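Asks: Dropping a prediction and its sequence here:
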Amino acid sequence: MTSKIIDCCGLSCPEPVIQARKAMQETGLNQVNVRVNATVARDNVARAARQMGWQVEIEPRGEEFLLTLTR
């Protein structure tokens, strides 16, 4: 399984969504891990991933969230 990690902490929307979408469109990636530190970014990235047909797991990590997006 090929994966990529994206750190979007401190970025405001729509930048985390743009970066996550770009990664999900890369050829050969089966998993994208996205770190965010805002609930709005968490919700928007999760929504975008689900619309693209990806599975979403959200893990709270203190003040941050780790979203694991799987094809």
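Replies: Looks like it arrived, so ask away.

Asks: Helices of this protein, start to end?
Replies: In the chain, the helices defined using DSSP state H lie at 15-24, 39-51.

Asks: Just put those helices in a markdown table and tack on distance to Glu59, mean neighbour count and mean pLDDT.
Replies: Placement of C-beta: from N, CA and C, glycine included. Output for the helices of the chain, formatted as a markdown table (distance: least, CB to CB, whole Å; neighbours: other CB atoms under 10 Å; pLDDT from 0 to 100):
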| stretch | distance to Glu59 | mean neighbour count | mean pLDDT |
| --- | --- | --- | --- |
| helix 15-24 | 15 | 18 | 97 |
| helix 39-51 | 10 | 17 | 98 |
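
Asks: for these, which one sits closest to Lys4?
Replies: Closest approach to Lys4 among these (CB to CB): helix 15-24, 5.2 Å.

Asks: Roughly how far does Arg35 sit from Thr27?
Replies: Here the criterion is CB to CB, to the nearest Å. By it, Arg35 lies 23 Å from Thr27.

Asks: residues touching Glu59, list them.
Replies: Glu59 makes contacts with Phe65, Leu66, Leu67, Thr68, as judged by CB atoms under 8 Å, 6 or more residues apart in numbering.

Asks: State the pLDDT value of it.
Replies: Per-residue pLDDT puts Glu59 at 98.

Asks: Quickly list what it is bridged to.
Replies: With DSSP bridges applied, Glu59 shows beta-bridge pairing to Leu66.

Asks: roughly how far apart are Ala41 and Leu69?
Replies: Relative to Leu69, and taking CB to CB, Ala41 is found at 13 Å.
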